[in-house]
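> Give the three-dimensional model of this entry:
(one chain, ligands or ions: 2)
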Amino acid sequence: MLITLEGIDGSGKSTLYEGLKNRLADLNPLFTREPGSPYLGDAVRRAIAADSDPMVEAALFVADHAVHLADVVRPALTKGRLVISDRYSDSRFAYQEVSLAGAHPDPHGWLEAVHAGWSIRPDLTILLVLPIPVAMSRLAGRSEQEHFERQEFLEHVQKNYLARAVHDPGRFVLVDADRDAETILDFVEKSIRAAVQ
Ligand SMILES: Nc1ncnc2c1ncn2[C@@H]1O[C@H](COP(=O)(O)OP(=O)(O)OP(=O)(O)O)[C@@H](O)[C@H]1O
Ligand SMILES: Cc1cn([C@H]2C[C@H](O)[C@@H](COP(=O)(O)O)O2)c(=O)[nH]c1=O
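Ligands and ions are numbered 1, 2, ... in the order given. Prediction:
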């Protein structure tokens, strides 16, 4: 089973991901993330830091996904492992539909086409939803700000995530991320345990 954690920057995904490692240890999940595939993850992070051309960045995210699927996700799923990924293809649809606006005539169509036929659909997607001002105040403490971490940009990204959830309600679990980390962890742990049974 493939479970993904999604949400805007600052929504608390990494905090949740780390917490789930302890909570779900008995299920022996494979914890993984995007971007960050073997041998391409660093290139993607350098491209983000360098504020690259949006199409270059989008192509790198897709390439990172391809390596992640081929070398990490698919082999684990084939062995029957539970896979939990911090970010996955919904990040592309939420972020690159915004970043590619103006750079490509049909960002959504391109993203659909480039994933069709080979990418693996998650069984369950945990979407952390957070008011943008709260996310911005959480991100303000960071020493390095990425170019995606702007209020207007993140507003669009969160709208895209919510639209995807509306179109695929059976896959998405929406989580109010404006609560304390322990409460969120309790709720998500229960949702995942219910899904794997
Ligand atoms: N439930 C919470 N309540 C208050 N602060 C939180 C909560 N969860 C995380 N934080 C804090 O918010 C900041 C961002 O959290 P975190 O790094 O987990 O977010 P993220 O979604 O992984 O962000 P990014 O995608 O940009 O890496 C951190 O300083 C973290 O300690
Ligand atoms: C997978 C993926 C990620 N992004 C963006 C989202 C974040 O701003 C950065 C890095 O992710 P992290 O969770 O903060 O480490 O990249 C994206 O735009 N498109 C993607 O496909």
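> can you tell me which residues contact Asp71?
Under the criterion of C-beta atoms under 8 Å, 6 or more residues apart in numbering, the neighbours of Asp71 are Ser37, Pro38. For every residue, glycine as well, the C-beta is placed using N, CA and C.
> So that it lines up with my notes, have the first residue be 77 from now on.
With the count now opening at 77, the last piece we talked about shows up as Asp147.
> Helix, strand or coil: sort out it for me.
Asp147 carries the three-state label helix when classified by DSSP: H, G, I helix; E, B strand; the rest coil.
> what separates it from ligand 1, distance-wise?
When distances are taken as C-beta to the nearest ligand atom, to the nearest Å, Asp147 and ligand 1 turn out to be 22 Å apart.
> do the same with Thr91
Using C-beta to the nearest ligand atom, one gets 3 Å for the distance from Thr91 to ligand 1.
> again, but for Arg99
Applying C-beta to the nearest ligand atom, the value for Arg99 to ligand 1 is 15 Å.
> State the pLDDT value of that residue.
Among the per-residue scores, Arg99 shows a pLDDT of 98.
> same thing with Ile124?
Taking Ile124 on its own, its pLDDT is 87.
> element containing it, please.
Following DSSP states H and E, one finds Ile124 within helix 117-125.
> does Arg163 really touch Lys89, like I thought?
Yes. If you go by C-beta atoms under 8 Å, Arg163 and Lys89 touch, sitting 7.1 Å apart.
> Tell me the residues that contact both of these two, please.
Leu81, Glu82.
> Strands of the protein, start to end?
Counting by DSSP state E, the segments of the chain that form strands are 78-83, 106-109, 159-162, 200-205, 248-252.
> rewinding a little: so which bits of the helix holding Ile124 are buried?
By neighbour count on 16 or more other C-beta atoms under 10 Å, the buried set for helix 117-125 is Gly117, Val120, Ala123.
> Next: stretch 128-135.
Those buried within stretch 128-135 under the rule 16+ other C-beta under 10 Å are Ser128, Pro130, Glu133, Ala134.
> I'd like the distance between the first one and Ala119.
As defined by C-beta to C-beta, to the nearest Å, Ser128 lies at a distance of 10 Å from Ala119.
> what do you get for the last one?
Spatial separation of Ala134 from Ala119 under the definition C-beta to C-beta is 14 Å.
> same thing with the third one?
When C-beta to C-beta is applied, the distance between Glu133 and Ala119 equals 11 Å.
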